[in-house]
Structures are given as C-alpha cells and as structure tokens.
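Participant: got a predicted model here, sequence first, then my questions.
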Amino acid sequence: MTDPKPAPKHYLLYGSERYALAILRPLQEAIRARGAEAAWFFDGPGAEDMVAGERLLTVEEVRAWKPLAVITSSNAVPHFFPGVKVETFHGFDAGKPRHIYVRGFFDLYCTTGPRDTAQFQAIADRVGHFSVTETGFPKLDPFMQEISGPLPPVRQPPVILYHSTFSPSWSAAETLYEEVKRLSRDSRWRWIVTFHPKMNPETTAKFKALQNEYLSFAENDNILELFPQVDLMCSDTSSALNEFLLTGKPVVTFKNRRPGPQLIDIDDPAQFESAIGRALARPPELLQAIREYADAIHPYRDGRSSERVLEAIDAFVARGAKNRRRKPLNLWRKLKIRRRIGYWGPA
C-alpha cells in the first residue's frame with residue numbers, strides 16, 4: 001500500500017491596491033509550477049481585475065484554508081490570517097521617507113538587492129523580530145529577459161515615457177505640464193504618458209487632453225509593459241524610475257529627493273528640453289553609473305525572484321518559523337486592520 005500524496009501547500013497572496021496583481025502574479029505562477037496552490041485576498045481595489053482561474057477568498061475561507069504563508073507587497077498584513085507573514089515590497093526605494101521602516105507585522109522581508117538588504121538587515125539585527133533574505137523583485141520576473149538584454153539603439157524618432165508619482169509634494173506633473181505640452185507638439189520626439197493610479201484626476205485629465213499624433217496616454221496596470229517601447233523616462237521621485245534604470249536607459253528627473261550620477265536631475269522647467277537631449281545622447285559616464293546603480297538595487301537577471309521568495313519561505317519554516325524575538329503587540333495597527341476588513345473574531 002502506497003502512502004497518500006501530501007496535501008499541496010497553500011499560499012495566500014494579499015493585496016490592498018491593484019498593483020498587487022502585477023507584483024504577485026509571478027509568485028502565483030511559481031507556486032503553481034511547484035504543484036502548490038495560490039489564492040488571493042483583497043481589502044482594497046484589485047479583486048475586480050482578477051481573471052478566470054484565480055481564486056478569491058473571504059476572511060473565513062482564508063482561516064479555514066490555513067496558508068503556509070501570506071505574501072504581500074503592502075506595508076501591513078492581517079495578523080489573524082494563518083501562516084508566515086512575508087513582505088516582497090511594492091517598489092524600489094526612490095528616496096521617499098516611507099520605504100525603510102518596520103511596522104512589526106512581518107516574519108520575513110524578501111529584499112530586492114544589496115542596498116535594501118543591508119538596511120533591513122541592520123534593523124533586524126537590532127530588533128530581532130523579523131528575518132531578511134535577498135531574493136529580487138517578483139514583479140520583474142516576466143520582464144527580466146526583455147528589459148535586461150543589450151541596450152538597443154535610440155529609435156528615430158525617439159520615444160519618451162513621462163511618468164509621475166501622485167503625491168503633490170513629490171510630483172512634478174503640474175510643474176512640467178507646459179513643457180510636456182510644448183514638446184509634445186514637436187515632431188522630434190514621441191511621448192507616452194502614464195501616471196500612478198492615485199494621481200489627482202484633474203491632473204490626469206489635463207494630460208489626457210494633450211493626446212495627439214505625438215503623445216498618447218497609457219493606462220497599463222503594469223508600467224513595465226511600456227519600458228521596451230521607449231528610449232528614455234522622465235519622472236520626479238517615483239519608485240518606477242528605479243525599475244526603468246534596470247533597462248540601462250537614462251532617466252531625467254525633476255527635483256528628485258535622492259539624485260545621483262545615475263540620473264539627470266533638474267530643478268528648473270527651462271532645463272527640461274536640454275536634459276532630454278543629453279539623455280538621448282547616452283554619454284558613457286551616465287550609462288556606467290546606471291549599470292552600477294542597477295546592480296546595487298537588483299543584481300538578478302535570471303527572472304527567478306519568485307522562486308527565491310518561495311525558497312526563502314521554505315528555509316524560514318525549516319528553521320522553526322520563528323525569529324529571535326516576538327513581534328510587538330501592535331494593538332492600534334491591528335485594530336485598524338480589523339476595522340478596515342470588518343473582522344472581529346479570534347486571532
């Protein structure tokens with residue numbers, strides 16, 4: 001008599017924004033490739049964009065399903081869900097003050113590259129209630145071959161991607177609107193504009209109204225889909241610009257909060273046109289700085305970050321699924337999550 005096959009492992013993918021789908025779907029694919037099962041829980045936008053074959057659970061169903069791990073790109077996770085709590089992040093550190101911080105919800109952080117790993121490991125060594133494993137960013141897996149190959153020549157005419165973050169204090173969209181308007185009527189360059197889904201609707205409407213034969217507005221859920229179509233990104237302090245730098249192509253920024261040699265950063269709209277010209281010329285020292293920066297934030301080019309996340313979870317479970325210290329009580333934040341989800345049952 002043969003022993004019955006072990007039940008497949010369960011992994012819950014947890015999202016609070018639509019962009020969780022783009023980040024976590026590669027993990028879903030890797031989970032299924034292992035013969036395991038993936039399901040989703042959303043407490044914000046995103047569930048309406050799920051497709052056939054993807055499984056959405058309620059709170060009660062999650063608790064009965066007993067996932068081995070809850071994996072999320074959010075900064076918090078319901079503590080009353082079973083399983084190891086794992087954060088994969090929702091983007092790279094763009095210099096905003098809310099990237100390197102710890103809220104006490106997670107057992108394991110899966111970091112994107114050496115720069116983040118060093119910062120989170122230093123905190124882990126001090127507080128002791130979470131572990132850190134460098135895995136790479138799952139969102140990039142399906143695109144890595146496409147975005148990390150040899151640098152293609154600049155198109156004729158060149159194509160520029162304009163993207164801005166949504167926060168008024170970080171966004172340059174209104175400041176650069178007149179320049180984008182003027183340059184988008186010039187046949188030298190073509191433009192694709194895309195914004196964060198939380199962008200001020202009035203700003204979005206203004207840029208959509210600029211559409212002409214030289215400028216189009218893209219509403220892709222995953223901005224990575226646009227990267228192979230363009231030669232240059234213009235932005236401000238958006239984490240998407242770090243993803244774009246992995247292509248090896250230049251980025252022009254306006255008052256970036258953490259400028260460096262990998263960027264062409266300006267602080268006056270009058271500099272915008274000349275900065276674009278310099279970026280399209282691709283000076284060798286700029287391309288070298290981009291390569292070095294890309295290796296620091298995400299050195300992986302194999303498209304296997306999702307598999308590394310699952311391996312990190314296996315390793316954490318194998319060593320007892322415990323850290324040196326218990327997580328903080330976090331009562332106020334836990335109460336806020338219960339209120340948002342509407343669950344008041346046992347933890």
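Facilitator: Right, received. Where do you want to start?

Participant: output stretch 43-55 as CSV - backbone C-alpha positions only.
Facilitator: C-alpha atoms of stretch 43-55 as CSV (Å, rounded to 0.1, in the frame of the first residue of the first chain):
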residue,chain,number,x,y,z
ASP,A,43,-9.1,44.6,1.2
GLY,A,44,-8.9,47.3,-1.4
PRO,A,45,-9.0,47.7,-5.2
GLY,A,46,-7.8,44.8,-7.2
ALA,A,47,-10.2,41.9,-6.8
GLU,A,48,-12.4,43.2,-9.7
ASP,A,49,-9.4,42.7,-12.0
MET,A,50,-8.8,39.1,-11.2
VAL,A,51,-9.1,36.7,-14.2
ALA,A,52,-10.5,33.2,-14.7
GLY,A,53,-8.6,30.6,-12.8
GLU,A,54,-7.6,32.9,-9.9
ARG,A,55,-9.2,32.2,-6.6
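
Participant: which residues in the stretch 151-300 of the chain form helices?
Facilitator: Remark: helices assigned in the stretch 151-300 of the chain by DSSP state H, counting those that start in this stretch are 173-183, 201-208, 240-245, 272-281, 284-297.

Participant: redo those helices as a markdown table? Include mean pLDDT and mean neighbour count.
Facilitator: All C-beta atoms are positioned from the backbone trio N, CA, C, and that covers glycine. Output for the helices of the stretch 151-300 of the chain, formatted as a markdown table (pLDDT from 0 to 100; neighbours: other C-beta atoms under 10 Å):
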| stretch | mean pLDDT | mean neighbour count |
| --- | --- | --- |
| helix 173-183 | 96 | 17 |
| helix 201-208 | 94 | 14 |
| helix 240-245 | 92 | 24 |
| helix 272-281 | 98 | 17 |
| helix 284-297 | 96 | 15 |
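
Participant: which parts of this structure are strands?
Facilitator: In the chain, the segments counted as strands under DSSP state E are 10-15, 37-42, 69-72, 84-87, 108-111, 131-134, 159-164, 190-195, 215-217, 232-235, 251-254, 264-266.

Participant: most tightly surrounded among those strands?
Facilitator: For the strands of the chain, the largest average neighbour count (mean count of other C-beta atoms under 10 Å) is found in strand 69-72, namely a mean of 28.

Participant: run the chain-centre distance for it.
Facilitator: How far strand 69-72 lies from its chain's middle: 15 Å, per C-alpha atoms, centre = their mean, to the nearest Å.

Participant: who are the packing partners of that strand?
Facilitator: Contact analysis of strand 69-72 by 3 or more C-beta pairs under 8 Å, 6 or more residues apart in numbering; DSSP states H and E lists strand 10-15, helix 19-33, strand 84-87, helix 305-318 as its packing neighbours.
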